[in-house]
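sequence-free structure coming up:
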């Protein structure tokens with residue numbers, strides 16, 4: 001089965017718009033692909049769920065429970081993540097690629113155009129938008 005990492009950007013987008021592409025990607029966890037996450041990603045998602053600017057706009061009843069449910073549905077990478085230096089402009093985004101590398105995921109699904117999508121590929125891991133990932137899933 002396909003293995004993919006979802007970044008906090010995609011999770012926030014899914015919680016803001018349950019009818020959007022990121023929510024479609026989240027809805028296919030376990031049935032169409034295996035979600036690969038690590039504790040730092042879970043922490044980042046919880047941190048993003050507390051942003052004051054967007055907190056009141058979430059369309060899910062409990063954003064933290066939503067994140068915890070995804071964490072429970074994921075294959076959790078618990079080993080130490082390597083320092084990879086892939087995203088020079090935002091090194092905190094390296095956790096997504098490092099998680100993919102350690103967790104044998106070939107995709108990082110993100111809406112982050114400035115840092116991750118612009119990278120395109122790193123060490124065999126593709127950075128793709130939710131729409132592109134859905135297209136990939138539909139041909140498999």
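Sure, I can see it. In this text the structure is predicted, and so the values were computed from the model without any measurement.

which positions in stretch 89-99 come out as buried?
93, 94, 95, 96, 97, 98, 99 (16 or more other Cβ atoms under 10 Å). Backbone N, C-alpha and C define where each C-beta goes, glycine included.

and for stretch 53-61, what are the contacting residues?
Residues from elsewhere that reach stretch 53-61, judged by Cβ atoms under 8 Å, 6 or more residues apart in numbering: 12, 15, 16, 17, 18, 49, 63, 66.

got the end-to-end distance for that stretch?
17 Å (Cα to Cα, to the nearest Å).

repeat that for stretch 88-104.
22 Å.

hang on, the earlier thing: switch the buried residues of stretch 89-99 over to a markdown table; also include pLDDT.
Formatted as a markdown table, the buried residues of stretch 89-99 follow (pLDDT from 0 to 100):
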| residue | pLDDT |
| --- | --- |
| 93 | 90 |
| 94 | 94 |
| 95 | 96 |
| 96 | 97 |
| 97 | 97 |
| 98 | 97 |
| 99 | 98 |
